[in-house]
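> Mind looking at a prediction? Sequence and model below.
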Amino acid sequence: MALAVCLLFDARSDLLMRELWSRLEDKGVSTLATHTHGRHYPHLSYAVLRSWDLERVQEALAALPAAEPFVMSFQGTLAFPRGRAALAPAITADVALRQWRIVTALAATGAELHRNYEAGQWVPHVSVATRAQGDKLAIVVKAIADVLPLTVRVERAALVDSATGQTWGLPHIP
């Protein structure tokens, strides 16, 4: 079970991601569309927590400065261990600073961050496939290449419980 601080996309961008998931599912590649509870949103995670106090996390995030929605572009594919594949976003220094502020604020609440989201360890990505090993990875890379370059708009943020899909909207984009 984990709690993630997620950036969520506008309706058009969300639909583009879900269409990519659907094309991959049609080719036998597992995506977030069918992973675990099947209620996943296309997203970019700023942080993933292994343990937390929800109220303290919400208070810490609400206290961070508000940021404006922004556009993010993708130029390639990332392959992670255990068959996970993702879109590789180009991010600005401002977005990297936002992520650092968030993980610093969350650590101060006593929350336990997943090691891949600790300050200086974050690899920004938007997950696409959950089990794409061997020949399936080639299918994912081609499907992603077919839609690149891709630009999306980040317009809101939420806390998402990965075990249940339950979400708590954040009052602003941190």
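Arrived safely. Numbering: from 1, shown residues only.
> Distance of the residue nearest to residue 42 when sequence neighbours are not counted relative to residue 87?
Leaving aside its sequence neighbours, residue 42 sits nearest to residue 17 (C-beta to C-beta, 6 or more residues apart in numbering; 3.4 Å). Every residue, glycine included, has its C-beta placed from N, CA and C. Residue 17 is 8 Å from residue 87, where distance means C-beta to C-beta, to the nearest Å.
> these two touch, right, residue 174 and residue 65?
Yes - counting by C-beta atoms under 8 Å, residue 174 touches residue 65, with 7.5 Å between them.
> Need the residues touching each of those two.
residue 101 (C-beta atoms under 8 Å, 6 or more residues apart in numbering).
> of those two, who's got more company?
Set residue 174 next to residue 65 and count neighbours by other C-beta atoms under 10 Å: residue 174 wins out with 22 against 9.
> For the closest residue in space to the more buried one that isn't next to it in sequence, give its distance to residue 105.
Computed as C-beta to C-beta, 6+ apart, the closest residue to residue 174 that is not its neighbour in sequence is residue 64, at 4.2 Å. Going from residue 64 to residue 105 by C-beta to C-beta gives 6 Å.
> swap in residue 30?
Distance from residue 30 to residue 105, by C-beta to C-beta: 34 Å.
> my guess is the residue nearest to residue 42 contacts residue 40, does it?
No - counting by C-beta under 8 Å, residue 17 stays clear of residue 40, with 10.1 Å between them.
> With neighbour numbers in mind, choose between those two.
Using other C-beta under 10 Å as the criterion, residue 17 and residue 40 rank with residue 17 on top: 23 against 20.
> circling back: between residue 64 and residue 105, who's got more neighbours?
Taking neighbours as other C-beta under 10 Å, residue 64 and residue 105 compare with residue 105 leading, 19 against 16.
> hey, what's residue 89 bridged with?
Bridge pairing for residue 89 (DSSP bridges) gives the partners residue 74.
> Distance check, it against residue 42.
According to C-beta to C-beta, residue 89 and residue 42 sit 12 Å apart.
> cool, residue 77 as well?
Per C-beta to C-beta, residue 77 is found 15 Å from residue 42.
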